[in-house]
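1. Coordinates for the following, if possible.
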Amino acid sequence: MKGVSEEGVMTVHLTCPNCGSGIHVYPSQSSKKATCDICQHEVSLSFNSDHEEGILQDCPCCGRKDFYVQKDFNRKIGVVLFIIASILAIYTYGISLIVLWLFDLFLFSKIGNIAICYNCQSIFRKVKNIESIGPFNHEMNDRIVYSGHDFKGEQLDH
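-> Residues are numbered from 1 along each chain as shown. Prediction:
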């Protein structure tokens, strides 16, 4: 169902393992593969009825249940804005950093959240159960990425 644009429907953004390009798909149980528009590599998917309803319990790309939530803002743009404000701080006596902080505060209140799979880094937008997904946890990330640990959707609590 790639190419379908519906308001309120969960969207999935995958990264092509072959060339690193983005692949956007809409959940559909009939979709078993997503094809990269750049290199034509096919990525296997496994959508279920929960995905079609916008409920995220497991990743359709890797099957894992471990996700985290963050604001839907491009990190690279944020770093560039900070560098520019830092350079301008020399000439503005730090006022540019205050302006950036106020701009960031404004964006933080306006931008929605996304869910991201710890294992395969797939991005999920318009997730209905986003409140049940915890924030990024460095220890969980390290244990999943470096040792393949599966938390089965449970948040790590110390």
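2. List the residues that contact N137.
-> Y68, Q155, L156 (Cβ atoms under 8 Å, 6 or more residues apart in numbering). For every residue, glycine as well, the C-beta is placed using N, CA and C.
3. Disregarding flanking residues, what is the spatial nearest neighbour of N141?
-> Closest residue to N141 apart from its sequence neighbours, by Cβ to Cβ, 6 or more residues apart in numbering: Y118 at 5.7 Å.
4. ugh, typo on my part, it should be I144
-> Per Cβ to Cβ, 6+ apart, closest to I144 is Y118, 4.5 Å.
5. if I look at that neighbour, how far off is F67?
-> As judged by Cβ to Cβ, to the nearest Å, Y118 and F67 stand 7 Å apart.
6. try G153
-> 8 Å.
7. And C16, by the same measure?
-> According to Cβ to Cβ, C16 stands 20 Å off from F67.
8. surely A115 meets L56?
-> Yes: the criterion here is Cβ atoms under 8 Å, and A115 meets it with L56 at 5.6 Å.
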